[in-house]
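A.B. asks: Predicted model and sequence follow; I will ask about them next.
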Amino acid sequence: MTFQHADTTHHCELKFFMYLVAIGWLYVALMMAVAEANHPSGTVLGGIVTFLFYGLLPTALVMYLMGTPLRRKANREMEAKEDAERLATAAAAGGTAEPLDTTPEAAAAPSSAASKPPSP
């Protein structure tokens with residue numbers, strides 16, 4: 001599996017290893033849960049709780065947190081694509097359109113229309 005862009009290949013490898021580690025940890029947690037359930041003083045409920053709190057919940061949290069940069073990048077690319085389509089549509093209609101500035105600084109700054117005093 002090869003890609004033309006090196007950055008894309010790097011992200012695919014990172015995702016692959018992230019999933020590989022998650023599957024490995026879930027396997028370890030499952031074996032801990034089975035050992036807990038099969039121990040003479042252990043219970044099935046203890047095995048379920050062990051798998052839930054040592055395996056499933058921590059893995060879900062880590063996967064969510066590790067996937068945040070990839071989700072942000074995908075959202076930025078989608079916004080850039082929508083902005084480009086909006087500009088192309090406005091150009092084709094003969095109008096002029098400026099790209100939308102969605103940075104936090106732009107959201108905090110007052111708009112130019114709101115900062116102008118009303119004319120008499």
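C.D. replies: Now that the structure is in, tell me what you want to look at.
A.B. asks: OK, contacts around Val34?
C.D. replies: Contacts for Val34 were tallied using CB atoms under 8 Å, 6 or more residues apart in numbering; they are Gly47. In short, each C-beta sits where N, CA and C put it, glycine included.
A.B. asks: For Lys81, see how far away it is.
C.D. replies: The gap separating Val34 from Lys81 is 47 Å, by CB to CB, to the nearest Å.
A.B. asks: now swap in Val62 and tell me
C.D. replies: Taken as CB to CB, the span from Val62 to Lys81 is 30 Å.
A.B. asks: neighbour-wise, which of these two wins?
C.D. replies: Each of Val62 and Lys81 has its neighbours counted (other CB atoms under 10 Å); Val62 has more, 14 against 10.
A.B. asks: How about the more buried one: what's its closest non-neighbour residue?
C.D. replies: Excluding the flanking residues, the one nearest Val62 by CB to CB, 6 or more residues apart in numbering is Ala22, at 7.3 Å.
A.B. asks: List the buried residues of the strand or helix carrying the one you found.
C.D. replies: Following DSSP states H and E, one finds Ala22 within helix 6-38. Neighbour-count burial for helix 6-38 flags 22, 26, 29-30, 33, 36-37 (criterion: 16 or more other CB atoms under 10 Å).
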